[in-house]
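J.: Requesting a structural model of the entry that follows:
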Amino acid sequence: MTDAELLAGYVEVWWEAIDDFTTLLEQIPEEQWDAPTDLPGWDVRAVAAHVAHLEKVLATGVEEQAEVGEPAHVTGAMGLYTEIGPVNRRTATPDELIREIRESATARHTALLADPPTDASARPERVFGGVPWDWRTLLRNRPLDVWMHEQDVRRAVQIPGGLDSRAARHSTDYLLESIGFVLAKRVGAPAGTTLVAEVEGSEPVAFVVNDARRGERLPEIPAEPTVRLRTGRESFLLLAGGRRAVGPDAVHLEGDPALGQRVLEAMATTP
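T.: Here you go, the predicted structure:
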C-alpha cells in the first residue's frame, strides 16, 4: 500500500466517524447535553465543543485563545489546550456545535480530497496545539479521537451502539498496538515475556519483551504465552482509553494472572 492510499483510508474513516458523531448528537435532547461523561469535568456539551474546536483549527489553521484557569481535572499542557474548546463554547447551543463540527469537517474533507497528502512522514501545514505530528499520526489519530468521544457521549446519555463501525475497528486495532509498550515499559516485564491480546472483532495480536526491553510484535501467535487476555471491544476501549473500570468478568486472563492484572491496570494510553 502506498502512503497516498494509506492516508486516504484514514481520511475516509475519519469522515465516517464525523458523520456518526454528529448524527448521534442530533438525537440528544437539549436537557441531556449537561450529562456528565467519563472524562473528568466534561459533560456532553464539552465533548462536542472539544471536537468542534479541533476540527475548526484543522480547517482554518487559526488557533483559539482562552483563559482556562487551572481546572482540577487537568494534568499537563495538552490538557490545558483541550480546555480551550469547551471554554470558548460554553454558551453555544447544540445546533451551533453540530453545525460547526460539520462545516469545519466538510471544509477539511474537501481540501484533503482536492490536494491529498502523499507522504506519510511529511509534516502537515496545520496541526492543532503545535504537536509535532506527521501526516500519518495526524490522520490516524483523528478517527480515534472522534470515535472515542462518540462513545463517551453514548455512555453519558445511555444510547449504546457504534461498536461495529469502521472507526470502532480502526480505534481498536490502533490501540492494540500499544500493548507491547504497556507490557515492556509500563509494567516492566522481563525479557522473554509474551502476551497475547484477543479482542472481539479484531485479529489476535502477540508481543514479546525483547532483549532491549521493548515490546516487539510477534508475527505468529504463541500457543502458550506468559499471559493471554480476552475481552470484548467495549471493555478493551474503556481500559485502553482510561475511561472507567470494567466488571470482574469483562476480561478473561490466562497464564500469569498477576502479570495480566498489572497490564490491565497500566493499559490506559489515551485520554
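J.: show me where this structure has strands.
T.: Ranges of strands in the chain, per DSSP state E, are 194-199, 205-209, 215-217, 227-231, 251-255.
J.: Kindly state the pLDDT recorded for residue 271?
T.: What the model reports for residue 271 is a pLDDT of 62.
J.: just the helices in this protein please.
T.: Shown for the chain, the helices assigned by DSSP state H span residues 3-26, 44-60, 77-82, 84-88, 94-114, 135-157, 166-176, 179-181, 233-240, 257-265.
J.: Looking at those, which is nearest to residue 122?
T.: Residue 122 lies closest to helix 135-157 among the helices of the chain, at 5.6 Å (C-beta to C-beta). Just so you know, the C-beta spots here come from the backbone N, C-alpha and C atoms, and that holds for glycine as well.
J.: tell me the angle of the closest one relative to helix 233-240?
T.: Following axes from the mean of the first three to the mean of the last three C-alpha atoms, to 10 degrees, one obtains 110 degrees for the angle between helix 135-157 and helix 233-240.
J.: other SSEs contacting helix 135-157?
T.: Using 3 or more C-beta pairs under 8 Å, 6 or more residues apart in numbering; DSSP states H and E as the contact criterion, the secondary-structure elements in contact with helix 135-157 are helix 3-26, helix 44-60, helix 166-176, helix 233-240.
J.: Could you count how many residues lie near residue 109?
T.: For residue 109, the tally of surrounding residues (other C-beta atoms under 10 Å) stands at 17.
J.: Now do the closest residue in space to it that isn't next to it in sequence against residue 43, distance only.
T.: The spatially closest residue to residue 109, leaving aside those adjacent along the chain, is residue 15, at 5.4 Å (C-beta to C-beta, 6 or more residues apart in numbering). From residue 15 over to residue 43 the distance is 26 Å, taken as C-beta to C-beta, to the nearest Å.
J.: And these two? Which one has more around it.
T.: The residue with more neighbours, out of residue 15 and residue 43 and counting by other C-beta under 10 Å, is residue 15; that gives 21 against 18.
J.: roughly how far apart are that one and residue 181?
T.: According to C-beta to C-beta, residue 15 and residue 181 sit 29 Å apart.
J.: next one: residue 171
T.: Shown here: residue 171 relative to residue 181, a distance of 17 Å by C-beta to C-beta.
J.: higher neighbour count, the two?
T.: residue 171 (28 against 15).
J.: so how far is residue 50 from the more buried one?
T.: Summarising the geometry, the distance separating residue 171 from residue 50, computed by C-beta to C-beta, is 17 Å.
J.: picking that back up, quick check: which of the helices and strands packed on helix 135-157 is nearest to residue 193?
T.: Checking the helices and strands packed on helix 135-157 against residue 193 by C-beta to C-beta gives helix 166-176 as the closest, at 17.2 Å.
J.: Show me what the closest one is packed up against.
T.: By 3+ C-beta pairs under 8 Å, 6+ apart, helix 166-176 packs against helix 3-26, helix 135-157, strand 194-199, helix 233-240.
J.: Each with direction, which strands does the shortest one pair with?
T.: What it means is strand 194-199. Paired strands of strand 194-199, with direction, are strand 205-209 (antiparallel), strand 227-231 (parallel) (DSSP bridges).
J.: pretty sure residue 35 contacts residue 43?
T.: Yes: counting by C-beta atoms under 8 Å, residue 43 is a contact partner of residue 35 at 5.9 Å.
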